[in-house]
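**Student:** What follows is a predicted structure for the sequence shown.
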Amino acid sequence: MSKYLFYPGCSLQRSARPYLDSLVAIKDDLDIELLEIDDWNCCGATEYISVARLPAYALNGRNLALAANQSNGTSTVVAPCSACYLNLAKTDRYMRIDPDLNASVNDALAAGGLHYDPGTVTVRHLLDIIYHQIGIEAIKRKVVRPLTGLRVAPYYGCMIVRPDYENRFGSPEYPDVLDQVLRALGATVVDFPVKTHCCGGHMTQISPPVAYELIRRLIYAADSYQADILATLCPMCQLNLDAYQDDMNKHFATDYSVPIVYFTQLMGLAFGHEPQELGLGKEMVDPRPALAKVGVAVEGMVSAETTSTKRHSQRRRKDDPSLPMPQPLIKEEDAS
Amino acid sequence: MSEQFEPVIIGFTCNWCSYRAADMAGTARIKYPPNVRLVRLMCSGRLDPTFVLKALSNGADGVLITGCHPGECHYLEQNYKALRRYHLLRRTLIGFGIEPERVKLVWASAAEGVQLAKQIAGFVDEIRALGPLAWSMPSKQQLVAEPSVMEEVPA
Amino acid sequence: MNPSQDEKERIGVYVCHCGSNIAGVVDVEDVAVWAGDKLADEGVVVSRDYKFMCSSLGQEMIEQDIAEQGLTRVVVAACSPHLHEKTFRGACARAGLNPYLSELVSIREQVSWVHTDKQKATAKAKAMIAGGVERVIEQEALEPLKVPIHPATLVVGGGIAGIQAALEIAESGSLVYLVEREPSIGGHMAQFDKTFPTLDCAACILTPKMVDAGSHPNIELYTWSEVERVDGSVGNFTVTIKKKPRYVNEELCTGCGICVEKCTRNVIDGEFEAGLGYRKAIYTPFPQAVPKYPVLDTENCTYFEKGKCKACQLLCPTGAIDFEQTEQYITVTVGNIILATGFDLFDARRVPQYGYGRLKNVFTSLEFERLSNAAGPTNGEIVLRDGVTKPESVGIIHCVGSRDRNYNNYCSVICCMQSLKFAHLVKERTGATVYNFYIDMRTAYKDYDEFYQHVMEEGTIFVRGRVAEVTDAARRSGEEDKLIIQVEDTLAGRQRRIPVDMVVLSAGLEPRRDAKQVAHTFGISCSANGWFIEKHPKLDPIATMTEGVYIAGCVQGPKDIPSSVAQGAAAAARVISRINKGEIELEPIRATVDAHKCSGCRICNDLCPFNAIVWHEDEMVTEINHALCQGCGTCVAACPAGAISGTGFSNEQVMSQIEGLLMFEQPVDLLAMAV
C-alpha cells in the first residue's frame, strides 16, 4: 500500500463532493492510503495569485509547511483539484527558484510558528499518481465491469498541463494519460480535439457570454465526436460544463446534453462500485442514458473492442481508393 | 572594496573534442573569464598526473582536465583511463593537503563551446572561493637567479 | 643543423593582429615588445607583430628571419593550430627549418574572441606565448609519417550525394564500394516528384545517374547492406559490410517481377511510399530501382509466418527465390571513406496539436511528394485521404519540427522552397486556394526568390505566423467538416481561424536515428543536434577530424539537392587527389619505448585499444608497433619508468609549456615565508 499526503481542497467538501466520494470508494482498489493534511486551508483558487501575490503564496506555503511536518513517511502531496494542484506546485517551485519570495513567505509563516523549505514535499495531481504510480496494468486488473461501448471525451482542462515542467501528462499541447486510463477501463475514448481548452473558469461570474462561448466549444466538440459522456478531473471544469450547460443552451438556442462526470466515477463504475457510492446522480445533466449503455454492456453481449496491434495487417477492399493513415506514435517509454 | 582574488588555472584539453570546443567558444564569441590557460594534449589519456602536480607546484591555483564524453573518445576509450587517473589523483591530492576540488574533470564534445565556457566560468568561481593555493615551488626564474635552491628540489 | 644542447636556441616570436580580431582586445604591440625583452633569456632573439601573419608577407617575414637571423625555433601567436598550423610550418620548411620546430599559440580563439578585459587578455596572451616559447625549445625535428593510400574507396549511402561521389571517383578510374541500407539506391530524391525551383522531374534527372552507378565497372554496389565494422586508419581501412538476406539469388534473378505480381500479401509501404501506398511482401521499392532485384520482407511474408505459401518460389521462372539465404559478411580494404547517409524526416506526430496521425487530411511533406508523384499511389492526383475528393483549400505549414525549441532549433533549409513547390503544384493541379504559413521566408540561392515571386503571383496566400493548432473542432459556420488552422497572423496583428480541406506539414530534416552509432563506427563526431561535424565549417565542410573519412550531403546538415551534389563531388575530388598522390603525410605523433629504460612492468600493456603495444617475453621489454599506434599518449602517461616517449607531446614539452605558462606568476612564496 502506498501512502500519500492528501490535500482535498474546498471544492471537494461541497460542490465536488462526488469527486471525493468516488475517490474514497476506489482508493482500496488502487491500494493507496490518503492521509489528509491536518488543518489545511484554502489554496486561494484561481484569483488570489493575480490579486495579491505574497499572501497567495503564503496561503499555499502554509499548506506545504503543514504537509512537511505531518509527513508520516511520505513526502508526496496529492491534490485531486487542478487549481489546488497548480497553486501548491507553483508555490513550491517559485519558492525554490526565487530566494526573495522564499524569504518573504517564510517570514509570513514564522508568524504562525511554521517554516517551509521548498522541495521538501512533491505536489502531484491525482491523475499523475494514478497513471505513473499505480499504472495502466494495475487498473486493467481491477476492471470487473468494462465500460465497453461507452464513448468518453477525455477533458484535461487548462491547468494541469500548462506548464507541465515534468512532462507528467504526456504533452502540454495534447496530453494522453487520461485517454490511456479511460481506455484501460474499456471505454471508447474519442480523440477530443479541445481536451486542453479552457472551460471558462470564473468567467461565468464576470462575463457570462464569454463563458457560454467557451463552454459551447467544448460541449459542441464532445457532441460532434458523439461522446456519450465527458470525463473531467477538475471541480471547476465539472461545475462549469454541467451547471451552466443549460444556460449555454438557452443563450445559443441549442439543445446539447452531454453529461459531465469525474474520471474517478468512471473508474469506480468499472471497478464494480454502485453509482450511489460514487456520488453519481447529483449532476444537472442527466448521465443515466449514457450509463445505461454500460449497464447493457455489463448484462450481456458485446465483448470488449479488440484492436489488432499487428503491423501492416490491414485488409482492404480491392476497390477501396482510400490512402492509409499513419501508425500512431509509440513513445519510447510506452514501448519499454 | 578590496580587489577580488584572480586564480590562475591550467586547463588540459584533448585535441579532438575539448580543444575544439574551446575553438568553437572562440568562433562563437562566447565569453568566459581569462583565468584559464589551456594546454593541448592529443587525448585526455595523455594526461600524466604529474602534469597536474607540476601546474599546482608552479603556481596554478586549480587544474581543469577536459576530454571527450565517455563513449566518444577519438581513441575509443582512453578518456576512461583519464577518469580512473583523475579519481586516484584526487585521493593523492588529499594526501598532499590540497583540496581535491582544485582539480576538476569535465567532458566537452567538439560541439559544446557554450558548455565548456560555462564550465570554465563555474570552475573559476569555485577556485576563487577556495582562495590561493600557495603551494608553489621556486619558479624557473628563481632557480636561475638563485641556483643553490635547485639542489634541494627533486628533479 | 641543430645547435648542440648547451647552445641556446634562437627563437623568433610573431604576434598577429588578425586585423582587429586579435588587436581589438590584445595589445599586440606591447606583447611583441614584452616577448623580445622578457623572454630574451629564454632565447627569443626576434619578436615582431604584424597585421596578418598568415598573409604571404607575414610568412615571408618568418622565412627571412630564419635565413638572416639564424632562427632555430619559431613561435607564432595567432589563431587556432587547427586553422593555420600547416601554414606556418610551411613557412619554416621553405626557409629550411624543420617544420616541427614551430609552435602556434592560439591567442584569437582562446583570448581575444572570448575575453573582453583588454588588460587581462593581454596578460593572458603573454603567459601563453611564454608557454609556447618554453615548449618550442623542447620540440624535436620530425619527419611526417608517410602512409600509402589504398586506391579503393567506400561510399556509404546511395542517395544523390553518395551516387555523385561514387560516380566521380569511378570515372577517374578507381574502384568504389557503394553501400546502401535500402533495397535500392536513389535515396530521398527518388521519392520526390518535382525539384525546385526549375520543377524538373526528380526521376528524370536521377534515374540515369542511378543506372550509371548500378552499371559502372568501377562501382561495386552493395544494397540492402550496412557497414558493420571499420578497422584501420587512413590509407588502409578494413571495412566489414553486412549484406542482409534478400531471399532472392541475384545471380539468377532477372528482375522480371513475376514474384511481386503473384505475392498475395499487400502491406503498407512505410518506406518508399512514406506510408501512403501499398507494396507486396516481396517487392522492389519502385519501378526504376537499382538494382532491379526484389527483396523479401520476412516480417510480412506468409511463408515466414505460417510456413506455407511459397507462391513466389513456385512461380519464379529462374528459381531465384531462396528462403534459406542468410546474412553475408564481406570484408573490403579501402583507402578513403565518404559518408553520405542523409537525413530522416522529422516525425510530425511529435507535434500532436498539428493533428498528424489523428486528423485524416493532415499530410507530411514526404506524403505530399508521393501524392503529387505521377508514379505515386494516386498517380499524381492531389486528393484527400479518401482517395477521391479534390481539396478546395490547402494549408501548408512551414517549420514543423524546425526552428522550434521544443524540437529542433535549427532551420531545415529546404522547407520554404519545398512548401512553395507544393503550393505551385496544388494550384496547378487542383486550382485550390493555397495558404502558406511561415515564420520567415528563406529563399536564398540562385533562382529561388524568383520562384517565390512566381508563386505569389499565382495567388498563393502567405500568412506570417506560427500555427497554434490544426483542429476539426468547428466553432462557427463554415468550419464544419473542415480542418481549422488557428494562427496568429503577425502582419495583420490578429488571431485567425482558417478552414481548409487539407493540411500539409513541411516537416524538418533530422539526423538519422542511428547517426551517433554510425559516427562511432567511423570514428567521427556528431554535433549536439546529431549532424556530423566537418573539419572546418567554411574551409573544409567535407572533411572530418578523422583522416580519410569525408562527409557529403545532408549528413553534414540540412541542404538541398544542388548543395548535396556539390558536396558529393567535392568529397570525391579530395579522395581522387589522395589516390593520385598515392600516399598521405600524417602527423608523426607516435609513442616509442626506450628498451633500455623499460623495466618490463607491463603496466602499459593493457592500455592500448589499437593493440599497438607488443610484449616481448624473451627480452622482458615492451615495444610499440608504429603502424598501429595512433598517438593518443595514454601509455606515455602510464609508464612509471618514463621509458615511453611520445613525439610531439613529450613530457619535456608539456612540462616546459606548463612552466612557461606560469613563469611570470607571482604566487605566494613559501620559501620566502619560511625565512
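**Tutor:** Cool, the structure landed. Residues are numbered from 1 along each chain as shown, chains lettered A, B, ... in the order given.
**Student:** list the contacts for the residue of chain A found nearest chain B?
**Tutor:** Closest residue of chain A to chain B, CB to the nearest CB: residue A:99 (17.8 Å). C-beta here means a position set from N, CA and C on the backbone, and glycine is covered the same way. Residue A:99 sits next to no residue when contact means CB atoms under 8 Å, 6 or more residues apart in numbering or on different chains.
**Student:** Measure how buried residue B:131 is and give me the count.
**Tutor:** When neighbours are defined as other CB atoms under 10 Å in any protein chain shown, residue B:131 has 11 of them.
**Student:** Distance-wise, check the residue of chain A closest to chain B relative to chain C.
**Tutor:** Applying CB to the nearest CB, to the nearest Å, the value for residue A:99 to chain C is 27 Å.
**Student:** How confident was the prediction at that residue?
**Tutor:** Model confidence at residue A:99, given as pLDDT, is 94.
**Student:** Any chance you could list what contacts stretch C:278-285?
**Tutor:** Here stretch C:278-285 makes contact (CB under 8 Å, 6+ apart) with A:324, C:182-184, C:247-248, C:255, C:257, C:259-260, C:263, C:265-269, C:271-273, C:292-297, C:300-302, C:312, C:321, C:377.
**Student:** same deal with stretch C:589-606?
**Tutor:** B:42, C:145, C:612-613, C:615, C:619-624, C:626, C:629, C:631, C:633, C:635-636, C:638-649.
**Student:** what residues go with each domain of the chain?
**Tutor:** Going with chain A. Domain assignment for chain A, taken from automatic domain parsing, gives A:2-126, A:135-299.
**Student:** Hmm, no, I was thinking of chain C.
**Tutor:** If you go by automatic domain parsing, chain C breaks into C:11-144, C:153-342+C:519-581, C:345-510, C:591-646.
**Student:** tell me the secondary structure for residue C:499?
**Tutor:** Put simply, residue C:499 is strand when judged by DSSP: H, G, I helix; E, B strand; the rest coil.
**Student:** isn't residue C:375 right up against residue C:273?
**Tutor:** No. Using CB atoms under 8 Å, residue C:375 makes no contact with residue C:273, being 10.0 Å away.
**Student:** neighbour count winner among those two?
**Tutor:** The neighbour comparison of residue C:375 against residue C:273 (other CB under 10 Å) goes to residue C:273, with 24 against 16.
**Student:** Make sure the more buried one is indeed in a helix.
**Tutor:** No. Assigned with three-state DSSP, residue C:273 falls outside any helix and is coil.
**Student:** Grab the nearest non-local neighbour of it.
**Tutor:** Nearest non-adjacent residue to residue C:273, counting by CB to CB, 6 or more residues apart in numbering or on different chains: residue C:370, 5.4 Å away.
**Student:** re the thing from before, can you say which of the contacts of stretch C:589-606 are buried?
**Tutor:** B:42, C:145, C:612-613, C:621-622, C:624, C:629, C:631, C:633, C:635-636, C:638-639, C:643-649 (16 or more other CB atoms under 10 Å in any protein chain shown).
**Student:** Which of the residues you listed fall in helices?
**Tutor:** C:635-636, C:638 (DSSP state H).
**Student:** same for chain B: which of those residues are within range?
**Tutor:** Filtering those for neighbours of chain B using CB under 8 Å from any CB of the partner chain leaves C:636, C:638.
**Student:** so where's the chain uncertain?
**Tutor:** By default, I'm working from chain A. Within chain A, the segments meeting pLDDT under 70 span A:296-316, A:330-336.
**Student:** Chain C was what I was after
**Tutor:** Chain C contains residues with pLDDT under 70 at C:1-6, C:666-675.
**Student:** can you rerun that using 80?
**Tutor:** Applying pLDDT under 80 to chain C flags the ranges C:1-7, C:528, C:627, C:666-675.
**Student:** and the residue of the stretch 151-300 of chain A found nearest chain C, what is it in contact with?
**Tutor:** Relative to chain C, the nearest point of the stretch 151-300 of chain A is residue A:174 (3.1 Å; CB to the nearest CB). Residue A:174 makes contact with A:195-196, C:352-353, according to CB under 8 Å, 6+ apart.
**Student:** Include distance to chain B and secondary structure when you put those into a markdown table, please.
**Tutor:** Shown next, in a markdown table, are the contacts of residue A:174 (distance: CB to the nearest CB, whole Å; DSSP: H, G, I helix; E, B strand; the rest coil):
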| residue | distance to chain B | secondary structure |
| --- | --- | --- |
| A:195 | 37 | coil |
| A:196 | 33 | coil |
| C:352 | 29 | helix |
| C:353 | 30 | helix |
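**Student:** For those, which entry has the maximal number of neighbours?
**Tutor:** Within these, residue A:195 tops the neighbour count with 24 neighbours, counted by other CB under 10 Å.
**Student:** How about the contacts made by that one?
**Tutor:** So residue A:195 contacts A:153-156, A:174-175 (CB under 8 Å, 6+ apart).
**Student:** Mind doing that once more with 10 Å?
**Tutor:** Listed by CB atoms under 10 Å, 6 or more residues apart in numbering or on different chains, the contact set of residue A:195 reads A:153-158, A:161, A:173-176, A:178-179, A:218, A:221, A:230, C:473.
**Student:** Likewise for residue B:73?
**Tutor:** By CB under 10 Å, 6+ apart, the residues touching residue B:73 are B:14, B:16-17, B:43-45, B:67, B:79-82, B:107, C:523, C:609, C:632, C:634.
**Student:** Who does it form a beta bridge with?
**Tutor:** Taking DSSP bridges as the rule, residue B:73 bridges to residue B:76.
**Student:** Okay, it and residue B:44: tell me how far apart.
**Tutor:** 8 Å (CB to CB, to the nearest Å).
**Student:** Next, show the common contact partners of these two.
**Tutor:** With CB under 10 Å, 6+ apart as the test, residue B:73 and residue B:44 both reach B:14, B:16-17, B:67, B:79-82, B:107, C:632, C:634.
**Student:** Kind regards, and thank you for your time.
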